[in-house]
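> Below is the structure, and that's it, no one-letter string:
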C-alpha cells in the first residue's frame, strides 16, 4: 500500500455509541516521499551514533538504569504522576505519604522495563511478553483491579465518560485479532518495511487498539524501546521517547488523533522520526557528558583521597552511576565499612561538590550525585 492511499479505519455502531475500528497494518507500506526518506536516514544515523557510544562506554548497564528511571518518570508523568528522577531511587520511607502512590507506579514501571529487557533474551517481542509486562506494570498500584496482564473484555474510552469520550477504541471483540495482526506486522520478514517505520506504525496501532483497560500509554511507549532492542537496531536499550512525547504532549496526541480521523499517517511518521533523531542525538550527548564528567572526577577529585581510601571512593562512585541517591548506611554496606568511615567519605564528596545533601535534616540524610542526575534532566 502506498502510504498516500492509507485509510485508518471506520467507525462502528455499537449500543448507544460509535467505536473506531482501525484497519489492519500487516501489509506492505510503500513510501516514495523524499522528506520522509531523508528524515528516516537521519534518524537511522543518529541511532548508529548512539549505538557506538553504547559500545564504548564502560559499565554501560549502570547508565542504562538511569535511562530506565528517566523513562519511568517521564512516561508516568504523561499519565499525571509527579515523581522525579531522583525520587525514583529513594526508598518509600524517604518520601512523604502523599507521594508514595506516584512513586509506586514509577517503581512498577522500572520493574516492568527491567523484566521485559531481560525477557527479550528468551522471548520475542510478542503479545505474551506485552501481557506479562503489563501485569508487572499494574500489580499493587492504581489500576490493579483492571485486569493486569489480560486484554480487555469490556469497552474502554479516552475522556471523562463513554458518552463524552474524545476517542473510543475498537470493541473488545476485535482486540484479539487486531493484536494478532500487530504482532505479525512487527515480525513479518517478508514485508520490506524499515524498522523505524514499522514501530512508528506499530505504536500508533497499539494506542488505537488500546488493548488493556489501563496502562496502554505507558506500555505502548515502552514497546518502542523493546522493539528497537529486539531487532538489534539498538545494542542497548538506551533510547526512550517518553521525554520527547511529554515535552510535545499536545502534538503527540493531536498527531495520533489526526491519523484516526484524517488518515494523516505521513505527518505522524514525520513527528515520530523527528523524535527518534532528536532523542538519539541527545542521548549520545549525555553519554559524551558522562564520560567527560567521569574523567574529570577521576582526575581532579579521587586523587585527593589517601591511598587507603581510594578503593572505597572508587567503589562508592561506581555505585552512584547506577543509583545516584545514597545515605550513610547504604554507603557503609557498599564499601563494607563502619558508618563513621562511610560518613567521612560522603562528607569529603560533599566538600568536593560530587554529592549534595537534599533533606536539610540532621538525621536520615540523603545525598544525591546531583551533577550526574542533571545530565538526565536535559
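Everything's here; your move. Values in this document were obtained by computation on a predicted structure and should not be read as measured data.

> what comes into contact with stretch 262-280?
If you take CB atoms under 8 Å, 6 or more residues apart in numbering as the criterion, stretch 262-280 is touched by 3-4, 6-8, 31, 33, 35-36, 39-40, 42-43, 46-47, 49-50, 196-197, 200-201, 203-204, 239-241, 243-245, 248, 251-252, 255-256, 258-259. In short, each C-beta sits where N, CA and C put it, glycine included.

> try it again with 7 Å
3, 6-8, 33, 36, 39-40, 42-43, 46-47, 49-50, 196-197, 200, 204, 239, 241, 243-244, 251, 255-256, 258-259 (CB atoms under 7 Å, 6 or more residues apart in numbering).

> Just the buried residues of it, please?
Across stretch 262-280, burial judged by 16 or more other CB atoms under 10 Å covers 263-266, 268-273, 275-280.

> residues in contact with residue 84?
The neighbourhood of residue 84, defined by CB under 7 Å, 6+ apart, consists of residue 73.

> And it, how close does it get to residue 95?
Spatial separation of residue 84 from residue 95 under the definition CB to CB, to the nearest Å is 11 Å.

> tally of neighbours for the nearest residue to residue 169 once chain neighbours are set aside?
Nearest non-adjacent residue to residue 169, counting by CB to CB, 6 or more residues apart in numbering: residue 210, 3.8 Å away. Using other CB atoms under 10 Å as the criterion, residue 210 is surrounded by 23 other residues.

> Quick check: residue 210 touching residue 168?
No: taking contacts as CB atoms under 7 Å, residue 210 lies outside contact range of residue 168: 9.1 Å.

> Mind checking what helix or strand follows the helix or strand bottoming out on mean pLDDT in the chain in sequence?
Every helix and strand of the chain was ranked by mean pLDDT, DSSP states H and E. The lowest is helix 60-78, at a mean of 78. Heading C-terminal from helix 60-78, the first helix or strand you meet, by DSSP states H and E, is helix 100-119.

> ok, longest helix in this protein?
When every helix of the chain is counted residue by residue (DSSP state H), the longest turns out to be helix 265-296.

> ok, and the closest non-adjacent residue to the residue most central in space within the chain?
In the chain, the C-alpha closest to the average C-alpha coordinate belongs to residue 71, at a distance of 3.4 Å (CA atoms, centre = their mean). In this structure, residue 71 finds its nearest non-sequential neighbour in residue 240, 3.7 Å apart by CB to CB, 6+ apart.

> In what element of secondary structure is the one you found found?
Residue 240 is part of no helix or strand when elements are defined by DSSP H and E.

> That one and residue 72 touch, don't they?
No: with contact defined as CB under 7 Å, residue 240 and residue 72 do not form a contacting pair (9.1 Å).

> Same drill for the two, tell me which one is more crowded.
For residue 240 against residue 72, the residue with the higher neighbour count under other CB under 10 Å is residue 72, and the figures read 27 against 23.

> which residue packs closest to the more buried one, ignoring adjacent ones?
The shortest distance from residue 72 to any residue that is not its chain neighbour, by CB to CB, 6+ apart, is 3.9 Å, and that residue is residue 109.

> ok, now residue 310?
Among residues not flanking residue 310 along the chain, residue 302 sits closest, at 6.7 Å (CB to CB, 6+ apart).

> Tell me the predicted confidence for the one you found.
Model confidence at residue 302, expressed as pLDDT, equals 93.
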